[in-house]
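Engineer: Fold the following for me, if possible:
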Amino acid sequence: MWTTDNILNESDVEQKFIYPLLTLPQPNGLEIPSSEIQSKGSIRRFNIGKGRENKLYYPDYVCTHAGLPVLVIEAKAPGTELYEAYREARLYANELNALWDVDINPAKFVAATNGLEMWSGFYDQSEPAYKHDLKDSGIYSQFISDILELFSWSEITKHAAKVQALMRPSGAFKPRRLLGGKSIQNQELSLNEFGVSITSSISYIINPQTVSDRELIVSNAYVSSKRRERYIEPIDRVVRVSKPVSETKAKRLDDTAEPNEIINQLERGKELEHQVLLMVGGVGSGKTTFIDYLKFVALKEHSNSLCWLRINMNNAPVNREEIYRWIRDKIIKECISELKGYDLSSLDEIQKVFSVEINKFKRIYGPLYGEESAVYKEKLGDEIQRLLSDIHAKTIGYLRYCCGDKGKLAVIVLDNCDKKNRDEQLLMFEVSQWIREEFKCLVVLPLRDETFDNHRDQPPLDTVLKDMVFRIEPPLFQHVLFKRVQLALSKMKKESGKKLSYGLPNGFHVEYPQSDQAYYLTSILKSLFENDRFARRMIVGLAGRNVRRALELFIEFCNSGYIGEDEILKIRSSEGKYSLPFHKVATVLIRMNKRYYDGDESFIKNLFSASHDAPTPTYFSRLLILRFLKQELSNKRYTGIKGYISIDSVKKKLTKFGYPDENIEHEVRYLINSKCIITEHLREDDVSDDDLIRLGPAGYVHLDLLHNVMYLSAVSEDTNFLERERQRKQLRTVSSNRKHTFILRIMLLMLKT
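Structural biologist: Numbering: from 1, shown residues only. Down below sits the predicted model:
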């Protein structure tokens, strides 16, 4: 609570009365956020007064809203007359308002106090609206009622909104939107048919779907992830630290190519029945590929003791009413698939499936009716029919016949669970717990690292055993890509005699030997890893720790319509030794297949764009946020964790530049969803002010692009301009595909300022 007691000097007035009055929540105070209160150390000095009275002056406090100065407060020692103090505060407010255009007067409110009385009012009125004696003031006094009505935070917010509305530019328009309707603005180039034919023919290598394809990859192109692997490139170091900072109860594998930590566990065989093994890692980090590697390579010699049942959870129902029946049905189908060569429709095989249940039936009813009697056979038929219609009993029977009776440990893998959201993943863990309790098996569950880290000490994850949790780190993308392309080239070499064709925009078709596909892949690979490693940095940065996404970006690059017939001809004639020029590589990566750049639809975001629903456009807020986070990458001063800072601290730091809290919050969320910022828990939803964030790999890449001419050229099509003539010039540039000289000068000038 603020007080007017024991105030002996001007400092007491500031610290014991003014600051608490400003910051305390209503009805005790004005409820002004501390981040919006500027004290003498950060207040600009002005010359105020005339003639001999002219002096360099600054007040004790200036309260702001989104960078707008709205309230000027002057403090004096007890007993000092307030007339001069109030006049100085008004003069200072007028000097502040003079910095804005005509009729834009943000500094509306002024106040002066000596701790015993307080004058408050408006900058353009010589007499205060209120003069209060503070001797008997309190939270129920007329004083607090009057100043809350005058300039509480809610009143300041209303005034600032009016000023922002006056300042909001009118007629701002993006050049791309002058081209025509949505269909023209969102126009895409025709795909490069030569590239499409190649990526289609090797899709089973880049994105394997079937069991045989996955076995091919792990047997011939598996790339291990080593715990102590050296990261040389700066972007690799950024990717490496973009993982949860919290200590977990998971074992990290030293080398996934020799996963002795897991092999030692699985060699225990049937001791692992009724247990769950968690495979923790980021989305696209290679958990599925690693499980394939375990099955087909690392544990191949244990194939007689392990029975792998893979269940694709992509289409699994995510409600408790359906999931349990669905999962039992999938287990049965996997068992039937493993029992190839068995006639499971025959009575003999069915009795073997339910051997335990039927033997129990025989012990009870055999002596009673005689096993050869018609009554016994009828009752046995009824029992078999009951077992076949009871899906739970049927699941137990098939698991026993497929695995247990053959001395094998059933390993049920709930694949692709990590693609689901947090709540769905936790449901899948509940399902895995139910499976291990109901059936004799080991359940392997891939789980996102952020889900495990955030919920490992809460039900249901708190029941998992530490020895059965393993963390998978993603391998380096370039190593994965090289291996996959090498495998594709070896496959193409075996089919080099085939003739293929691709279409041209004019309708003609060009025939070529399949060996030319190898030239194309080789050339694209060269293009991505030359040019000052620009393309590799971009792909690795945009994908982060998601290797699967990086491979998808590679496929899109190969298929881009910007790689035209002239480039393909150069690739074929040089037999793969030709590299795409830098500007072509940059264009493909920034625009992918869009004719006109749209920041919201592209992997590469427009850092100069503004929120559509913001009261005042803040065109540089995204850039400012990312630069601030980059500046803090090596600091621990905010949280004790290098590079991390709370969203609330970011807001407090940046509001002084004139960006409203709500704008900063909106843009932080936008950048989180764009992968430019990562949260400590790696969630993209349900983010609060207390959450810690840091610059992500994609954000690092975006800052790298700021002085890239191709990037500035693209974003200029999707950036607001005020003058129609500039819009028309930019439109002509966009439409004619000439160099964006005019716009680039503007963008570079904006960057410098």
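Engineer: can we go C-alpha only for contacts and neighbour counts from here?
Structural biologist: OK.
Engineer: How many neighbouring residues does S224 have?
Structural biologist: Neighbourhood size, S224 [other CA atoms under 10 Å]: 22.
Engineer: Just to check, it is in contact with T256?
Structural biologist: Yes - if you go by CA atoms under 8 Å, S224 and T256 touch, sitting 5.1 Å apart.
Engineer: Tell me, how many residues neighbour the closest residue to Y324 other than its chain neighbours?
Structural biologist: In this structure, Y324 finds its nearest non-sequential neighbour in V431, 7.3 Å apart by CA to CA, 6 or more residues apart in numbering. Neighbouring residues of V431 were enumerated by other CA under 10 Å; the total is 18.
Engineer: Kindly state the pLDDT recorded for V431?
Structural biologist: At V431, the model reports a pLDDT of 91.
Engineer: same question, the one 4 residues further on
Structural biologist: As summarised for this prediction, I435 has a pLDDT of 94.
Engineer: and stretch 607-619, average pLDDT?
Structural biologist: Averaged over stretch 607-619, pLDDT sits at 72.
Engineer: If you could redo that for stretch 635-644, that was the one I meant.
Structural biologist: 72.
Engineer: now swap in stretch 94-104 and tell me
Structural biologist: Mean predicted confidence for stretch 94-104 is 88.
Engineer: Over to stretch 702-715?
Structural biologist: Per-region confidence: stretch 702-715 scores 86 on mean pLDDT.
Engineer: Just the buried residues of that stretch, please?
Structural biologist: Of all the residues in stretch 702-715, those buried under the rule 16 or more other CA atoms under 10 Å are H702, L703, L705, L706, V709, M710, Y711, L712, S713, A714, V715.
Engineer: just checking, which of those residues belong to helices?
Structural biologist: H702, L703, V709, M710, Y711, L712, S713, A714, V715 (DSSP state H).
Engineer: ok, of the residues you listed, which one's closest to L191?
Structural biologist: Set against L191, the nearest of those by CA to CA is A714 (19.7 Å).
Engineer: show me what contacts the closest one?
Structural biologist: I590, R591, Y596, Y597 (CA atoms under 8 Å, 6 or more residues apart in numbering).
Engineer: ok, back up a step: for the buried residues of stretch 702-715, which one is nearest L24?
Structural biologist: Nearest to L24 among those, with distances taken as CA to CA, is L703, at 39.4 Å.
Engineer: State the distance from that closest one to G561.
Structural biologist: L703 sits at a distance of 27 Å from G561 (criterion: CA to CA, to the nearest Å).
Engineer: now A93
Structural biologist: Going from A93 to G561 by CA to CA gives 58 Å.
Engineer: Identify each buried residue in stretch 26-46, please.
Structural biologist: Across stretch 26-46, burial judged by 16+ other CA under 10 Å covers 26, 28-33, 35-39, 46.
Engineer: cool, and stretch 323-338?
Structural biologist: Result for stretch 323-338 [16+ other CA under 10 Å]: buried residues I323, Y324, I327, R328, K330, I331, I332, K333, E334, C335, I336.
Engineer: Among the contacts of A714, which pair sits farthest apart?
Structural biologist: Farthest-apart pair in the contacts of A714 is I590 and Y596; separation 10.6 Å (CA to CA).
Engineer: element containing I678, please.
Structural biologist: strand 677-679 (DSSP states H and E).
Engineer: To clarify, my last question referred to V413.
Structural biologist: For V413, the host element (DSSP H and E) is strand 409-415.
Engineer: Which elements pack onto that strand?
Structural biologist: With contacts taken as 3 or more CA pairs under 8 Å, 6 or more residues apart in numbering; DSSP states H and E, strand 409-415 sits against strand 306-312, strand 442-448.
Engineer: for the following helix or strand past the first one, what is the average pLDDT?
Structural biologist: By that I understand strand 306-312. As assigned by DSSP H and E, the chain's next helix or strand after strand 306-312 is helix 320-338. Averaged over helix 320-338, pLDDT sits at 93.
Engineer: neighbour count winner among A93 and G561?
Structural biologist: Comparing A93 with G561 by neighbour count (other CA under 10 Å), the higher total belongs to A93, at 27 against 23.
Engineer: Not counting its neighbours along the chain, what's nearest that one?
Structural biologist: Excluding the flanking residues, the one nearest A93 by CA to CA, 6+ apart is A107, at 5.4 Å.
Engineer: Okay, and that neighbour sits in which element?
Structural biologist: Assigned by DSSP H and E, A107 belongs to no helix or strand.
Engineer: mind checking how far it is from V72?
Structural biologist: From A107 over to V72 the distance is 7 Å, taken as CA to CA.
Engineer: now swap in L521 and tell me
Structural biologist: Applying CA to CA to L521 and V72 gives a distance of 66 Å.
Engineer: how about Q433, phi and psi?
Structural biologist: Phi and psi for Q433, reported as degrees, to the nearest 10, are phi -60, psi -40.
Engineer: quick one: it and L277 touch, right?
Structural biologist: No - the criterion here is CA under 8 Å, and Q433 misses it with L277 at 10.4 Å.
Engineer: what's near enough to touch I336?
Structural biologist: Contacts for I336 (CA under 8 Å, 6+ apart) come out as Y398, C402.
Engineer: could you redo the last one with a cut-off of 10 Å?
Structural biologist: Neighbour list for I336: K330, Y342, D343, L344, Y398, L399, C402 [criterion: CA atoms under 10 Å, 6 or more residues apart in numbering].
Engineer: Now the buried members of the residues you listed.
Structural biologist: K330, Y398, L399, C402.
Engineer: In JSON lines, list the residues you listed along with secondary structure and distance to K270.
Structural biologist: Listed next are those as JSON lines, based on DSSP: H, G, I helix; E, B strand; the rest coil; distance: CA to CA, whole Å:
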{"residue": "K330", "secondary structure": "helix", "distance to K270": "22"}
{"residue": "Y398", "secondary structure": "helix", "distance to K270": "17"}
{"residue": "L399", "secondary structure": "helix", "distance to K270": "13"}
{"residue": "C402", "secondary structure": "helix", "distance to K270": "14"}
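Engineer: Okay, and E357 sits in which element?
Structural biologist: Per DSSP H and E: helix 355-369 holds E357.
Engineer: where in the stretch 151-300 of the chain is pLDDT low?
Structural biologist: 169-172, 227-250 (pLDDT under 70).
Engineer: now the strands: where do they sit in it?
Structural biologist: Using DSSP state E, counting those that start in this stretch, the strands of the stretch 151-300 of the chain run over 251-252, 275-281.
Engineer: Having no further points to raise, I will conclude here.
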